[in-house]
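1. fold the following.
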Amino acid sequence: MPDTRVPVTVLTGYLGSGKTTLLNHILTANHGKRIAVIENEFGDVGVDDALVQQRYETSEDIFEMNNGCICCTVRGDLIRILSKLFKRRDRLDAVVIETTGLADPGPVAQTFFMDESIKEHARLDAIVTLVDAKHIEQHLDEEKPEGAENEAVEQVAFADRLLLNKVDLVSEADLGRVEARLRAINRFAPIQRCEQAAVDVGSLLETRGFDLERTLEMDPEFLSTDGEHAHDASVSSVGINEEGEVDFELVQDWVHTLLQTQGARLYRMKGVLSVAGRREQLVFQAVHMVFKWTSELRREEETGRRSRLVVIGKDLDHAQLRADFAACVLSPALTARKAALAAKAEQVCRWARELLPTAFAGEAATVCEVRRSKPECPIETVIKVMLRKPKELTVCKPLVAVTREDIAGVMRSWNDVLRRGATVRALAEQALPQAVRGERVIVDEDEAQHVTGDDFETAIHVLCSPPWSMKVLRRLEEVTQQNVK
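-> Coordinates of the predicted model:
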C-alpha cells in the first residue's frame, strides 16, 4: 500500500552555510508542488521570514519559530504547527523545515518517530545539510565546553545529502580536503558541490533518503528521550529591532569596525534595513569576516520604516551591540552632528590645502574619520592628498578635536620626509651603476609587508627599462649613504 503521508525535508547546516538561499531557490523553482515552510531562528528577532516572503510573495504557508532552538525549547511549537498543517492535508504536497544554524538535527528527526500524531500524517523524507566550504573546517575543529556538542559535526553526521556550498570561494585542493573530512564523518551521504545553493530541486524533495536503521546504527540512542542535549553557553544571539531609518554610512562604519575587532567571534550577521534616502529595504549578510550587501527588498510604507538584524557569536556584549546600532538610527541630533562634522571636515580640508608642502601646493585633499582597532588611538582623522599615488596623513584624534596646529604638525613631518627623500635620492643617483647613470630615481617609505611590528622600509626605484627597485629595511630618516651603496 503506498505511503500517502506528507514528506518532510529538514534543511540544516551551520550558521551562514546558505540555508535561506536554498529555501528561496526551492520555493521559486518551477516544480508545481505546494510546499509549507517552517523556519526556526536562534533569537527573538526574526529576519529570514522577510527574506523568504519577498521571494515567495505570501506569508500564508510560512511559519516562524523564535525564542529558542528547534531541537530544544521550541520543539513543542514544531508539533503544533505540523498538526495545524495536516488539517488541510489535501492542499499540501511537502513540508520544508529550516532549522537554526545551531540546531542538532537528531532531536528534530526524532519528532517524526516519537510523536504518534505526527507519525500518522508525516514521514521524514530526508535531512539535507548545507556546508560552507570556506568556513566548515574551523567549525568542525572548534573546542566545545564539556557536555556541549559540536553542532557542525552533528549536522554532517545526520545528513542524508550534503550540499557543499560556496565552492567558488576556495581552491580545488581545499575542496578535496573538506570532502575527505565530510566523508570521514558521514560515509553514506552523497556530496554535491554548488554555488549560491543552486541545485536541482528534484534531488532534494521526495527522495526517501532518511534511513532509520542506518541512523540507529550510527546513534543507538536516537529514539531515546532521556539523553542530555546542550549547546555552548558562550554562544548567543542578539536581536535588534529599531524603528525609523538608519544612516547608511554610519551602518557601514559600524559593520566594518565590528568585523575588524570581533570578526573571529562573529559566526553570523544578517539584517533587513530601512535606509534613509531609499524606498526599498536593504539586506546585508555576514559570515565571520565575509560580508556583503545583497539585493534590495520590496518598498515599505513610509509609516512603517524599521530595521531588524541578528548577530550570532561568542561572548557577545548585547548591550553594547544594541547601543552602537541605535547610534546609526536617523534622528535630529544625528542630523545636526553630521552637519557639524561636514563643516569641520571642510575646515580641515582648507587647512590641509593651505599648509601643503610647496611641491604639492594646490592639490586636492579629502578628510574622513576612521575607527581603528588600536587601544591607544581608536579614532583617527585621515587627510588624503589626491596625488597620482594618494598620500594619507593621519592625526590621532577624532575629527571634531583636530586643530590647525595638528595639521601643521603632520605637514611639517611630511616636509621633513620629502627633504630626507631628496637627500637619499641624490645619494642613490651618485651610487647608480654606470649602465643606468642618469635615469630617474624615486624614493618612498612604506610599511614593510614581510615583517612584524611597526617596521618600515625605504624603497628606491630606478625608472630604467625594465624598472629596478631596491629596499632598505629602515625608516627613510634612518637611511645612510652606506645603506644606499
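2. just the buried positions in stretch 153-173, please.
-> 153-167, 170 (16 or more other C-beta atoms under 10 Å). Where C-beta positions appear, they are placed from N, C-alpha and C, glycine not excepted.
3. now the helices for the stretch 51-200 of the chain?
-> Assignment of helices within the stretch 51-200 of the chain using DSSP state H, counting those that start in this stretch yields the ranges 75-86, 105-114, 116-121, 136-140, 151-157, 172-185.
4. what residues of the fourth one count as buried?
-> The one in question is helix 136-140. Within helix 136-140, the residues that count as buried by 16+ other C-beta under 10 Å are 136-137, 139-140.
5. what strand or helix carries the spatially most central residue of the chain?
-> Centrality entry for the chain: nearest residue to the mean C-alpha point is A286, 1.8 Å, by C-alpha atoms, centre = their mean. Of the helices and strands defined by DSSP states H and E, A286 is found in strand 282-287.
6. that strand packs against which elements?
-> Judged by 3 or more C-beta pairs under 8 Å, 6 or more residues apart in numbering; DSSP states H and E, strand 282-287 is in contact with helix 248-262, strand 266-273, strand 290-294.
7. now that strand against helix 248-262, angle please.
-> With axes from the mean of the first three to the mean of the last three C-alpha atoms, to 10 degrees as the basis, strand 282-287 and helix 248-262 are set at 10 degrees to each other.
8. gap between strand 282-287 and the chain center?
-> Relative to the mean C-alpha coordinate of its chain, strand 282-287 is positioned 7 Å out (C-alpha atoms, centre = their mean, to the nearest Å).
9. buried residues in it?
-> Within strand 282-287, the residues that count as buried by 16+ other C-beta under 10 Å are 282-287.
10. before we move on, what about stretch 391-402?
-> Residues of stretch 391-402 classed as buried by neighbour count (16+ other C-beta under 10 Å): 391, 393, 395, 399, 402.
11. end-to-end on it?
-> Between the start and the finish of stretch 391-402 there is a gap of 19 Å, counting by C-alpha to C-alpha, to the nearest Å.
12. same thing with stretch 91-101?
-> Length of stretch 91-101, first residue to last, C-alpha to C-alpha: 29 Å.
13. now that stretch: mean pLDDT?
-> On average, the pLDDT along stretch 91-101 is 84.
14. could you say which helix or strand holds A459?
-> Using DSSP H and E, A459 falls in strand 456-462.
15. show me what that strand is packed against.
-> Using 3+ C-beta pairs under 8 Å, 6+ apart as the contact criterion, the elements in contact with strand 456-462 are helix 404-431, strand 441-447, strand 468-472.
16. pretty sure A340 is touching L399, no?
-> No - counting by C-beta atoms under 8 Å, L399 is not a contact partner of A340; they are 9.6 Å apart.
17. looking at the protein, which helix or strand does the model trust least?
-> One helix or strand of the chain scores below all others by mean pLDDT, DSSP states H and E: helix 48-56, with a mean of 46.
18. which residues does V96 bridge with?
-> With DSSP bridges applied, V96 shows beta-bridge pairing to T9, V37.
19. look up the closest residue to R208, ignoring the ones flanking it.
-> If the residues on either side of it in the chain are set aside, R208 comes closest to D125, at 6.3 Å by C-beta to C-beta, 6 or more residues apart in numbering.
20. looks like that neighbour contacts L204 (just checking).
-> No - look at D125 against L204 with C-beta under 8 Å: they stay out of range, at 9.1 Å.
21. what's the overlap in contacts for these two?
-> Taking C-beta atoms under 8 Å, 6 or more residues apart in numbering as the contact rule, D125 and L204 both touch T9.
22. identify, by residue count, the longest strand of this structure.
-> The strand that spans the most residues within the chain, counting by DSSP state E, is strand 122-132.
23. which helices and strands does that strand pack with?
-> For strand 122-132, the helices and strands in contact under the criterion 3+ C-beta pairs under 8 Å, 6+ apart are strand 6-13, helix 19-28, helix 105-114, helix 151-157, strand 161-165.
24. 7 Å - rerun?
-> strand 6-13, helix 105-114, helix 151-157, strand 161-165 (3 or more C-beta pairs under 7 Å, 6 or more residues apart in numbering; DSSP states H and E).
25. closest to L92 out of the ones you listed?
-> Closest to L92 of the helices and strands packed on strand 122-132 is strand 6-13 (C-beta to C-beta; 5.8 Å).
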